[in-house]
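Q: I need the structure of the sequence given here:
(chains A and B)
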Amino acid sequence: MTATDPSPNHLQLTRDGQLRHFLTLDGLGRELLTDILDTADSFIEVGERSIKKVPLLRGRTVVNLFFESSTRTRSTFELAAKRLSADVLNLDINTSATSKGESLSDTLLNLEAMASDMFVVRHSQSGAPHFIAESVTPGVAIINAGDGRHAHPTQAMLDMLTIRQHKGRFDGLKVAIVGDVLHSRVARSQIRALNELGAEEVRVIAPGTLLPRDVENLGCTVEYDMSKGMKDLDVVIMLRLQKERMEGALLPSEREFYRLYGLSQDKLALARPDCIVMHPGPINRGVEIESAVADGPQSVILNQVTNGIAIRMAVMSMAMGGQMAERQHKQIENEEIRA
Amino acid sequence: MNASQQHHSASLKVTGGTLFDGSSAPFPNPGLLIREGRVTVLGAAALSADADDVFDASRCVVSAGFIDLCCNLREPGNGQKGNIATETRAAAHGGFTTVCASPETSPVNDSGAVTHLIREGAASRGVVKVLPIGAITRGLEGDMLSDMAGLKSAGCVAVGNGSRGIRNARILRRCMAYAQTFGLTVMFSPENQSLAADGYAHDGQVATRLGLLGIPEVAETAAVMEMLLLAEETGVRLHLSQISCARSVEMLADARNRGIQVTADVAMHQLVFTEAALAGFDSRFHVRPPLRSEADRQALLEGVRSSVIDAIVSQHQPHDSAAKQAPLPATEPGLSSIESVLSLGLKLVAAQELSLPRLLAALTAGPAGVLGCSTVLSEGAPADLCIFDPDGHWTPSASTLMSVGLHAPMMGVELPGRVRLTLVNGQVAWSDTE
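A: Reported below is the predicted structural model:
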């Protein structure tokens, strides 16, 4: 006996299968993911114009709700919303209402009352965007900008865009994700996206303390030895290692981690010669990655930043479209009930 | 207890249906006469006796009243989550006639004064019997022994740690040795706190996918093993509360075979749901111990079927809505479950996962055995019973639930099993005669 529908799609898709929230990649099919990538491609061209704006979100209000601080992700969301001509409000909630004892629900209801159309949410707790979409403000499109260890779907999609630009395909690709998978929302979303888009193999490379229980069930293989794991790779994705991981007895030292799991030129040489190197940033040079690799010819780390704006424009415009379609449906239904 | 001071002039005759007396297999009700709060006749002679009232129990099961070994009444101290009046009424609605009150109140029930407060509240405002469980350490902090002798003389039927783990094995050992001095049963929720750490979900595939912090099985099994060894050494009567893992069932069976005095219970929701219930971040199913895998659920069911697990409990934890209105990790654990226990059990019976006699035994004779009391519905015994229609239905909702907590496991879903009448010492604690 199960209690609830395990698929989040009743929440994030409209009845016609359009996106109306963007909470997780779980349950989204290859067609929709490809659609997001294609839409983002069309927005890259906008960024190359001298006037970098399109009117898709004109008159709409987007609120960046960051319960956990982030400069980079927030700026790319802000730029993306502005290029779509939306009005943007940035709120750092950890320094605002909730520290005065107001509950999350109350804060959000106040913001909804200000006629917001979209919340971009980053939160330290897994599932916070689901909670907001389901229980608090169902009429507002919610974009997940990272929740706890759960998901960071826009980051994963911009990584997919970067891979597609360099490899032209996903079929047959061997991709490794290296480092702190346990704490990484990015890794969970990337594994999901790579599986759905048809990558041949996703490998996670990490010591046992940095892997979640039964990680293979997410659709990946596990390799403890990085030298073996680098073999035949087309793409290697390095994850950021938080300094505090030494404290909980997860790792002995940064030095030992770097020696075993840091991406050096020697280790990169074990992969395919055209293997690209990615990192969601910010980089800890000398901890996850050698500077010469981060700045080297195989690194596509800076492309990732540019693509971030395009992916966020794509997701925001698609979710707003779905939300508008849903509102129209409801309006028609209400009129039918009245008639 | 609560009803004992009240007037018992009324007599009631129950006819028809199936009778489950709490000891033998169910049999057709030969006739049951209740007078002065007690069962006076059980047999055909009841049918010809005079009575003020007659209850036609055709199509119903007349059962010895259910006993819950783990219930949170939230009194004293947590009025926004429930109180003795609301939560004992919920218990009666669920067919329970006796509930053990968890020591996790505010203040914690670690002294005779708090025990008296609970018993007085139960006598004046409760509709079912309330048996307080004392805290085994002062404030449930796990550091200093509570006044166990005082708790016992004030009326505590056992001592326990509520839902809090004990960090220190040396203190655990002394708790057991001290409780054993007074012949007190210790009721422990087995959880190794350092292994459970900040977790709130089963450390398995759902937590991995959703990025939830896991509580590994070994947080429970390591604690079970430690408690079994210490119980063996100290000779205390140990009751393991709310086990959730397959391995715990195995260890329990082994310990019994070695002659250790140990009993155990499982929460009904552990028999029905698994970690999959968390898939949509449904904070209702944030419970502790967490809902585990399907293999664990199967092993727990087998444990109940084979009587290795003695009792099924509600682990009722009513909350105000704010406690559950937050992202899952920030919510408080627990279900408002006592009104749904019978219905969920009947779903297991319908799914052929549990037999009706075994279900009823795990709600009556099983927990009575743990408490060292009798529930048998026989001539001369107190008239604590419930009459339910297994084919009747009800739907948990804000208007049908008596508990303050509206986070029942199956809100808005029609469930089998409608409790028609609950009697405590012959007094009506719940009646739904439509």
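Q: how about the residues of the stretch 101-250 of chain A by chain B?
A: Within reach of chain B by C-beta under 8 Å from any C-beta of the partner chain, the stretch 101-250 of chain A has these residues: A:103-105, A:123, A:125-128, A:130-131, A:134-135, A:147-151, A:185, A:188, A:212-215, A:217-218. In short, each C-beta sits where N, CA and C put it, glycine included.
Q: for the helix or strand bottoming out on mean pLDDT in chain A, buried residues please.
A: Using mean pLDDT, DSSP states H and E, helix A:104-113 stands out as the lowest-scoring helix or strand of chain A, at a mean of 79. By neighbour count on 16 or more other C-beta atoms under 10 Å in any protein chain shown, the buried set for helix A:104-113 is A:104-105, A:107-108, A:111-112.
Q: burial count for the closest residue to chain A within the stretch 101-250 of chain B?
A: Distances between the stretch 101-250 of chain B and chain A by C-beta to the nearest C-beta are smallest at B:G211, namely 3.1 Å. When neighbours are counted by other C-beta atoms under 10 Å in any protein chain shown, B:G211 registers 26.
Q: can you pull the contacts of it?
A: B:G211 makes contacts with A:126, A:147-151, A:185, A:188, as judged by C-beta atoms under 8 Å, 6 or more residues apart in numbering or on different chains.
Q: spatially nearest residue to the residue of the stretch 1-150 of chain B found nearest chain A, not counting backbone neighbours?
A: Nearest to chain A, among the residues of the stretch 1-150 of chain B, is B:Q80, at 14.1 Å (C-beta to the nearest C-beta). Of all residues not flanking B:Q80 in the chain, B:D320 sits nearest, at 4.5 Å (C-beta to C-beta, 6 or more residues apart in numbering or on different chains).
Q: B:T86 is in contact with that neighbour, correct?
A: No. Using C-beta atoms under 8 Å, B:D320 is not in contact with B:T86; the gap is 11.9 Å.
Q: neighbour count winner among these two?
A: Taking neighbours as other C-beta under 10 Å, B:D320 and B:T86 compare with B:T86 leading, 21 against 18.
Q: for the more buried one, pull up the helix or strand it's in.
A: Here B:T86, judged by DSSP states H and E, is contained in helix B:84-93.
Q: picking up where we left off before, in helices, which of the residues of the stretch 101-250 of chain A next to chain B appear?
A: Secondary structure from DSSP state H places A:104-105, A:128, A:130-131, A:185, A:188 of these in helices.
Q: just flag the most distant two among those.
A: The most widely separated members of these, counting by C-beta to C-beta, are A:S105 and A:R188 (26.1 Å).
Q: re the thing from before, what's downstream of the helix holding B:T86, the next helix or strand?
A: Downstream of helix B:84-93, the next assigned helix or strand under DSSP H and E is strand B:96-101.
Q: what's the angle between the following helix or strand past that next one and helix B:84-93?
A: With elements assigned by DSSP H and E, the helix or strand that comes after strand B:96-101 is helix B:112-125. Inter-element angle recorded for helix B:112-125 and helix B:84-93: 60 degrees (by axes from the mean of the first three to the mean of the last three C-alpha atoms, to 10 degrees).
Q: show me what helix B:112-125 is packed against.
A: In terms of contacts (3 or more C-beta pairs under 8 Å, 6 or more residues apart in numbering or on different chains; DSSP states H and E), helix B:112-125 is packed against helix B:84-93, strand B:129-135, helix B:148-154.
Q: so which of these gets nearest B:D296?
A: Ranking these by proximity to B:D296 (C-beta to C-beta) places strand B:129-135 first, at 25.5 Å.
Q: next, the buried residues of the helix or strand hosting A:M324.
A: Assigned by DSSP H and E, A:M324 belongs to helix A:301-338. Applying a neighbour-count criterion of 16+ other C-beta under 10 Å, one finds A:301, A:303-304, A:307-324, A:326 buried in helix A:301-338.
Q: which residues of the chain score low on pLDDT?
A: I went with chain A, as the question did not name one. Chain A contains residues with pLDDT under 70 at A:1-8, A:94-102.
Q: let me rephrase: I mean chain B.
A: Along chain B, segments meeting pLDDT under 70 span B:1-9, B:433-434.
Q: chain A contacts on that one?
A: Residues of chain B lying close to chain A by C-beta under 8 Å from any C-beta are B:203-205, B:207-214, B:216, B:272-274, B:276-277, B:279-283, B:285, B:322, B:325-330, B:347, B:351, B:409-410.
Q: selection in PyMOL covering whichever of these are buried, please.
A: Entered in PyMOL, the line below selects the buried ones among the residues of chain B next to chain A, by 16+ other C-beta under 10 Å:
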select buried, chain B and resi 203+204+205+207+208+209+210+211+212+213+214+216+272+273+274+276+277+279+280+281+282+283+285+325+326+327+328+329+330+347+409+410
